[in-house]
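Q: using only what follows, build the 3D model:
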Amino acid sequence: MPARVFRMIVLVACLLGGFFPDIHAGALLPAEPEESLRVDELLDNESRLYLMLYSLNGDGKVDYVTGRHIHEQNRNEFGNPVYYAARFPFFYWWNHTLWVDQEQDGVNGNEVVYQENVDFDRTRYKPCLFNGQPC
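A: Residues are numbered from 1 along each chain as shown. Below you'll find the predicted structure:
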């Protein structure tokens, strides 16, 4: 009898995995791009995030963003701010999806979808025009 119950639980789990593929969709998230593909960096003091914007196609259009927690902020001897951020990102924006990595251990499959159908809003940090020049 216990073996029968165990098989039924495994069967139900397998069937549910087919209906809810986003539960383990973290494997679909590409690894953080190399530094040569970075097009901009932003600092969000409100949420204490250091954001790195990448262009995976190399065309300058932002299509991948990472957000790292800022652990500490100091000033150097010249009075300029110095930020100490986490080694790995906490948030990833890619393919109209916001992913979260609770472990902050890099892209390794344990990332989960936090919100779908969302784009990174760059205009929140920089206006579309600055002195008549596009961002």
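Q: only C-alpha atoms for contact and neighbour calcs from this point on.
A: Will do.
Q: show me the contacts for the residue nearest to the spatial centre of the chain.
A: Closest to where the C-alpha atoms of the chain average out (Cα atoms, centre = their mean) is residue 92, at 0.8 Å. By Cα atoms under 8 Å, 6 or more residues apart in numbering, the contact set of residue 92 is 64, 65, 66, 67, 98, 99, 100.
Q: bridging residues for it?
A: Note on residue 92: beta-bridge partners residue 66, residue 99, judged by DSSP bridges.
Q: now, of the contacts of residue 92, which are buried?
A: Among the contacts of residue 92, those classed as buried by 16 or more other Cα atoms under 10 Å are 64, 65, 66, 67, 98, 99, 100.
Q: could you dump the contacts of residue 92 into a markdown table and include pLDDT and distance to residue 32?
A: As requested, these are exported to a markdown table (pLDDT from 0 to 100; distance: Cα to Cα, whole Å):
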| residue | pLDDT | distance to residue 32 |
| --- | --- | --- |
| 64 | 97 | 8 |
| 65 | 97 | 9 |
| 66 | 97 | 8 |
| 67 | 97 | 11 |
| 98 | 96 | 14 |
| 99 | 97 | 12 |
| 100 | 97 | 13 |
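Q: if we can go back for a sec, could you dump the buried ones among the contacts of residue 92 to TSV with distance to residue 52?
A: As requested, the buried ones among the contacts of residue 92 are exported to TSV (distance: Cα to Cα, whole Å):
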residue	distance to residue 52
64	8
65	6
66	5
67	7
98	14
99	15
100	15
